[in-house]
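Q: no sequence for this one, just the structure:
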């Protein structure tokens, strides 16, 4: 037989549990996947790439290089803490910045149609790019994640200051950028396009040199 006291204690425990679940502190705890505010784009995808993503990517591309000079081969790699810090800025900015491409925005500034007009056009128009993204958003997000993964890779490389892996990361970044451009920007620049271009260049007549009088 349940006593009145035991029944009251059970009711109190249930009410206390519900109150704890609905407490102000619990409600105020932000979820990890919830934004803290609205995200509003300022510029187009083309401007974002030109003014932000591409410049920070250069921190990675320009960190390693081999140049042939009259004096011989010159290899450029990060050597100082300042050199590595610049690479880190590139990696962090790339990893965080590419997620801005997930915010719907125009693909080009107003009036900019890319090189999409005329019979020999090889670039997609901004409207065609948007239609392609809306048709297959999974690919768009996969391209973004590929770029972000390179940024994360670079951040890890900087921690270990591994020059050899930085060369590999630079190659990975170039491949990720080029794959995205070929899919969305100039998909018509395929093997056939370059063969036609090569044939056209071969058929260009050599400039005539008249003998000065």
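A: All right, it came through fine. Keep in mind that what you see is a predicted model, and the values were worked out from it rather than measured.
Q: which residues lie in contact with residue 83 in this structure?
A: By C-beta atoms under 8 Å, 6 or more residues apart in numbering, the contact set of residue 83 is residue 63. C-beta: built from backbone N, CA, C; applies to glycine.
Q: and it, how far is that from residue 163?
A: 10 Å (C-beta to C-beta, to the nearest Å).
Q: confirm residue 74 sits in a helix?
A: No. Looking at residue 74 with DSSP: H, G, I helix; E, B strand; the rest coil, it is strand, so not inside a helix.
Q: could you pull out the helices for the protein?
A: Taking DSSP state H as the criterion, the chain contains helices spanning 4-21, 24-28, 45-48, 54-61, 81-97, 126-135, 137-160, 163-184, 191-202.
Q: which of those helices is buried the deepest?
A: Compared across those, helix 45-48 shows the largest average neighbour count, a mean of 20 (mean count of other C-beta atoms under 10 Å).
Q: which outside residues touch it?
A: Taking C-beta under 8 Å, 6+ apart as the criterion, the residues outside helix 45-48 that touch it are 100-101, 105-109, 112, 114, 126, 129.
Q: over to stretch 33-44?
A: Contacts of stretch 33-44 (C-beta under 8 Å, 6+ apart): 30, 51, 100, 103-109, 112, 126.
Q: and the gap between the residue positioned nearest the centre of the chain and residue 155?
A: With distances taken as C-alpha atoms, centre = their mean, the residue of the chain nearest its centroid is residue 98 (3.6 Å). Here residue 98 is placed at a distance of 13 Å from residue 155 (C-beta to C-beta).
Q: re earlier: buried subset of the contacts of stretch 33-44?
A: Neighbour counting over those (16 or more other C-beta atoms under 10 Å) leaves 100, 105-108, 126 as the buried ones.
Q: hmm, which two among the residues you listed are most spread apart?
A: Looking at these by C-beta to C-beta, the two members farthest from one another are 100 and 126, with 17.2 Å of separation.
Q: what's the nearest residue to residue 115 if we skip its chain neighbours?
A: Distances taken as C-beta to C-beta, 6 or more residues apart in numbering put residue 123 closest to residue 115, at 4.2 Å, once the chain neighbours are dropped.
Q: picking that back up, mean pLDDT and distance to residue 68 for the helices of the chain - can I get that in TSV?
A: Formatted as TSV, the helices of the chain follow (pLDDT from 0 to 100; distance: least, C-beta to C-beta, whole Å):
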stretch	mean pLDDT	distance to residue 68
helix 4-21	44	69
helix 24-28	51	62
helix 45-48	98	34
helix 54-61	98	18
helix 81-97	98	22
helix 126-135	97	38
helix 137-160	98	26
helix 163-184	97	17
helix 191-202	67	25
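Q: surely residue 163 and residue 78 touch.
A: Yes. Counting by C-beta atoms under 8 Å, residue 163 does reach residue 78; the two are 6.8 Å apart.
Q: pull up the overlap in contacts between those two.
A: Applying C-beta under 8 Å, 6+ apart, one finds that residue 163 and residue 78 are jointly contacted by residue 64.
Q: ok, the closest residue in space to residue 89 that isn't next to it in sequence - contacts?
A: Spatially, and ignoring its direct neighbours in sequence, residue 89 is nearest to residue 59 (5.7 Å; C-beta to C-beta, 6+ apart). The neighbours of residue 59, taking C-beta under 8 Å, 6+ apart as the test, are 86-87, 89-91, 93.
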